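Enquirer: please work out how this folds:
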Amino acid sequence: MDSSQTMICHFNRTALLLVAMFLLSITGSPAYDDKHAPSIEDLNRAIAINPNSADAYYDRGILWEKQGDIVKAISDFTQTIKINPQDKGAYFSRGNAYAQQSNFTQAIADYNKAIELNPQDAAVYYNRGLTYDKMGQVSHALSDFSQAILLDPQYAESYHNRGLSWLKVGNLTQAMADISKSIELNPNLAEAFYNRGIVFEAQGKLMDAINDFSKAIVLDPAYAESYVNRGEVYVQQDDLVAARFDFTKAIEINPKIAQAYNNRAIVYYQLKQYSKAWEDLQKAVFLGYKVDPGLMKAVKQAL
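Expert: The predicted structure is shown next:
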């Protein structure tokens, strides 16, 4: 997921195995219970004793996913489903795992099954909406975010991401309404302020854009993209000193943010600091940024 999209990872569910009491009689301690979080080792023991425990496979899959081993997570969620084909949580979690692999077709199939088993879960519609968005199917994403909001009117992230989908189809009015609603519901959502700043900038409301980018930075001081975008607005306002500061700050936070080097080169060129402009353009090119050939030529000739 990028900074503007937050996937709901899995259902909250605590597994209690009947085999735990049996393990207690053998080892002196249960495999796991409702008071102690299980480890991979606990779950391995539980599965060895009872290979048909859907809960143990599911919980082990969650732990594999947290550790970043998506292949093993998918394997355990699949085994959960084999044991209990009605386990909606396993379909949902396996869909999330497939989405992390960018296997969007399989992710959608699992979300569909989870919705079939429980059509009232807003989180599944939300995650399916994120997946449709990554597939470029914006109309489907809009539909799913709307359904998530219908089921949970306080779902700030769904309003936010629906706003981003509206932005992708050029509907600035709806984008503004949805992102503003997400901020109303969650005023600590830095991404929402950042993206509303983009909408304000697109509407030509530059001071409002600066205010929102600044708010995003207050909420997340390491938000390099907010510095980049605020710097771009300062350029539009001919405040080159403020723009240079923001691009430099973005680079300090993330030295691999190529756009900041390109933008700072433009500022350096306008400030007649040609050697610095040339150095930044070289860094931008090295990082894969498509620099304007005309700018490259102008800076080189000015050296």
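
Enquirer: hey, let's count contacts and neighbours off CA atoms from now on
Expert: Noted.

Enquirer: so where's the stretch 151-300 of the chain shaky on pLDDT?
Expert: Applying pLDDT under 70 to the stretch 151-300 of the chain picks out no residues at all.

Enquirer: helices along that one, start to end?
Expert: 156-168, 172-185, 190-202, 206-219, 224-236, 240-253, 258-270, 274-286, 293-302 (DSSP state H, counting those that start in this stretch).

Enquirer: chain center to the second one, what's the gap?
Expert: A distance of 18 Å separates the centroid of the chain from that of helix 172-185, by CA atoms, centre = their mean, to the nearest Å.

Enquirer: flag every buried residue along it.
Expert: Neighbour-count burial for helix 172-185, counted by 16 or more other CA atoms under 10 Å, picks out 172, 174-183, 185.

Enquirer: with the shortest one instead?
Expert: For helix 293-302, the neighbour count (16+ other CA under 10 Å) marks 295-296, 299 as buried.

Enquirer: next: the first one.
Expert: Of the residues in helix 156-168, those scored as buried under the neighbour-count criterion (16+ other CA under 10 Å) are 156-167.

Enquirer: what is the most widely separated pair among the residues you listed?
Expert: 156 and 167 (16.6 Å; CA to CA).

Enquirer: how much space separates the closest residue to residue 295 other than its chain neighbours from residue 240?
Expert: The shortest distance from residue 295 to any non-neighbouring residue, by CA to CA, 6 or more residues apart in numbering, is to residue 266 (8.0 Å). As for residue 266, its distance to residue 240 is 10 Å (criterion: CA to CA, to the nearest Å).

Enquirer: who has more neighbours, these two?
Expert: Higher neighbour count among residue 266 and residue 240: residue 266, with 25 against 20, using other CA atoms under 10 Å.

Enquirer: wait, the more buried one sits on residue 276?
Expert: No: using CA atoms under 8 Å as the test, residue 266 is too far from residue 276 to be in contact (10.0 Å).

Enquirer: can you list the domains in the protein?
Expert: Listed by automatic domain parsing, the domain ranges of the chain are 1-118, 221-303.

Enquirer: all set, thanks.
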